[in-house]
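# My questions are about this predicted structure, shown below with the sequence.
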Amino acid sequence: MTFKEANKNISIKSYLAQNDIFPTKEMGYYALYKCPFRQDKDPSMKVDYVKNMWFDFGTNQGGSLVDLVMAVNQLSPQEALGLLEKGDYGINSFSFHGNKQVTPNEVTIKKMQSLQNSALTDYLCTRKIDIEIAKLYLEEIYYSVKGKYYFSVAFKNDKGGYELRNPYLKNCLAPKDITTIRNSKANCDICLVFEGFMNFLSYLTLSKEIEPLNCDSIILNSTSQLKNMIDNHPKYNMYYCYLDNDNAGSQAVEILKQSFGTKVIDHSFLYEQYNDLNDMLCDKKIISENASSPPKVINPVIDQRTL
């Protein structure tokens with residue numbers, strides 16, 4: 001391998017990821033990192049993904065991949081090239097992209113940690129989700145699939161799989177399952193039902209419920225999990241459904257009513273001007289802007305009008 005081949009064919013982002021160094025802020029064609037060859041409290045190193053170049057604002061140093069390897073490992077140019085030749089780097093860098101379910105044997109999880117990456121918290125802020133609430137339920141995951149590297153927020157289901165989201169990605173890490181969030185009470189009579197975790201977090205943000213709800217919650221993670229929920233999970237005296245205002249949401253409510261009858265209450269009327277709770281939180285209406293303001297989402301456990 002020549003210096004030119006190394007700098008052209010191995011991305012700086014991939015090299016850093018293989019060494020467990022990940023971006024703290026993703027900006028599309030470039031990202032900011034904490035500089036790996038010095039103490040760097042704030043992210044000061046810019047990596048340009050298009051040019052495959054880096055620049056450290058703290059030291060005014062910058063250059064190619066080989067230059068970075070030399071700086072990180074205190075090596076000569078030839079020694080740095082030799083180190084790269086021994087590595088398994090590939091040309092793909094950490095990315096937001098992806099759109100399918102992946103099985104555990106396809107995935108190498110590099111790291112999981114509490115939610116803190118500003119690229120991910122900024123994404124949640126665009127969805128108007130309260131970050132302190134999100135931190136109670138979400139993690140961030142860094143992983144690779146067939147040599148390509150990704151990172152996203154991760155929402156764990158009951159079987160240990162994860163729903164994965166970032167601005168460009170909506171997929172999951174198998175096994176697929178619902179997520180049950182139980183109240184501290186041993187026996188809970190009421191269950192809130194959501195299609196996805198973003199709507200669950202939107203509900204909590206709208207009602208500012210940081211403390212545990214006075215009821216259980218089931219997040220389907222897909223309406224395809226309805227039968228699973230009906231057949232394999234505890235039964236409740238009441239089900240309050242916060243599903244999408246579309247055909248799939250309506251059909252899901254009807255399926256639940258077929259199994260649980262009058263125990264099922266459809267609460268989609270509370271955000272009837274919106275497709276779902278997150279659209280309500282973000283004020284993305286599906287009807288005329290001249291319509292009256294939507295009613296506030298109320299905790300059905302204490303709203304006697306809905307009982």
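Looks like it arrived, so ask away.

# unless I'm mixing things up, C188 is touching D216, no?
Yes. Counting by Cβ atoms under 8 Å, C188 touches D216, with 4.8 Å between them. In this view, the C-beta of every residue, glycine as well, is placed from N, C-alpha and C.

# And the helices in this protein?
3-9, 12-18, 65-73, 77-86, 118-126, 131-137, 197-207, 226-232, 247-260, 277-281 (DSSP state H).

# Overlap of the contact sets of C188 and D216?
R182, Y236 (Cβ atoms under 8 Å, 6 or more residues apart in numbering).

# Okay, the nearest residue to L84 once chain neighbours are set aside and V66: tell me how far apart.
Nearest residue to L84 in three dimensions, chain neighbours excluded: A6, at 5.1 Å (Cβ to Cβ, 6 or more residues apart in numbering). Separation of A6 from V66 (Cβ to Cβ, to the nearest Å): 6 Å.

# Any regions of the stretch 201-307 of the chain where pLDDT drops low?
209-213, 287-307 (pLDDT under 70).

# again, 80 this time
208-214, 286-307 (pLDDT under 80).

# Grab the nearest non-local neighbour of the residue most central in space within the chain.
The centre of the chain sits closest to V153, judged by Cα atoms, centre = their mean, with a distance of 2.5 Å. With sequence-adjacent residues excluded and distances taken as Cβ to Cβ, 6+ apart, V153 is closest to L138, at 4.7 Å.

# Over to N237: give its phi and psi.
With angles defined as degrees, to the nearest 10, N237 sits at phi -80, psi -30.

# isn't it right next to K263, touching?
Yes. Judged on Cβ under 8 Å, N237 makes contact with K263 at a distance of 6.3 Å.

# Looking at these two, which is more packed in?
Between N237 and K263, K263 has the larger neighbour count (other Cβ atoms under 10 Å), namely 17 against 10.

# Show me how the record splits the protein into domains.
If you go by automatic domain parsing, the domain ranges for the chain are 3-91, 96-173, 179-306.

# Could you give the number of residues near the closest residue to A71 other than its chain neighbours?
Excluding its sequence neighbours, the residue lying closest to A71 (Cβ to Cβ, 6+ apart) is F37, at 4.6 Å. Neighbour count of F37, defined by other Cβ under 10 Å: 16.

# distance of F37 from D122?
F37 is 27 Å from D122, by Cβ to Cβ.

# re the thing from before, residues in contact with the residue nearest to V153?
In this structure, L138 makes contact with L115, L124, V153, A154, F155, F197, L201, judged by Cβ under 8 Å, 6+ apart.
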